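K.L.:
Predicted model and sequence below, questions to follow.
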Amino acid sequence: MADLNVLNPHPPEFDRFLYAFVGEDRKGYAVTVLSTLAQLGLDPWKETAELVMLGHDAAQARLGTLLARFEDVPALASDHGRIARDLSQLLPEGRTSGSLKRAASTVPDGHPGKSRAIWTVLTIIILLFQMFMVGGSGSGE
């Protein structure tokens, strides 16, 4: 049976945390944990996996430090500790090693992953097909 996680290799148990509301940015747009971590230059799924591995208290402290660095949401300047506490409650319980290994394996390490290789092959096939179709239609004189 085909692996159902080929198109979405990220652990679904991270979604509740990653898509949680952090606050509004200066333009009034909603900011999530996912966008916050990405804008800080971190891989959101790898960072979430690391937070889960740390345990609740250490994860809350780490998250508070990260949120304090994020300047696009004005409310975080004075309230990052409370927001970190609330958000850390959304992290998955336990150390679900399969999900964490999968999350860590999606991080680029200089070697293309399975899904990246699949998309590359599909792109090449589509390009070759288009070249064949365009080349074949113009030579019928």
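P.N.:
Thanks, I have the structure now.

K.L.:
if I look at Tyr80, how far off is Met53?
P.N.:
Actually, residue 80 is His rather than Tyr. His80 sits 22 Å away from Met53, taking Cβ to Cβ, to the nearest Å as the criterion. Any C-beta I mention is one placed from the backbone N, CA and C, and that applies to glycine too.

K.L.:
so where's this protein shaky on pLDDT?
P.N.:
When the per-residue scores of the chain are filtered using pLDDT under 70, the ranges that remain are 1-10, 94-115, 136-141.

K.L.:
what do you get if the cut-off is 80, keeping everything else the same?
P.N.:
1-11, 94-119, 129, 132-141 (pLDDT under 80).

K.L.:
where exactly do the strands run in it?
P.N.:
For the chain, the strands identified by DSSP state E occupy 21-24, 30-32, in order along the chain.

K.L.:
Would you mind measuring from Leu67 to Pro74?
P.N.:
Shown here: Leu67 relative to Pro74, a distance of 12 Å by Cβ to Cβ.

K.L.:
neighbour count winner among those two?
P.N.:
The residue with more neighbours, out of Leu67 and Pro74 and counting by other Cβ atoms under 10 Å, is Leu67; that gives 25 against 12.

K.L.:
ok, the more buried one - contacts?
P.N.:
For Leu67, the set of contacting residues under the criterion of Cβ atoms under 8 Å, 6 or more residues apart in numbering consists of 22, 36, 76, 80, 83-84.

K.L.:
Near Arg85, how many residues? Count them for me, please.
P.N.:
14.

K.L.:
again but with Asp25, I slipped
P.N.:
By other Cβ under 10 Å, 18 other residues sit near Asp25.

K.L.:
my guess is it contacts Glu71, does it?
P.N.:
No. Look at Asp25 against Glu71 with Cβ atoms under 8 Å: they stay out of range, at 9.8 Å.

K.L.:
what do those two both touch?
P.N.:
Joint contacts of Asp25 and Glu71 (Cβ under 8 Å, 6+ apart) do not exist.
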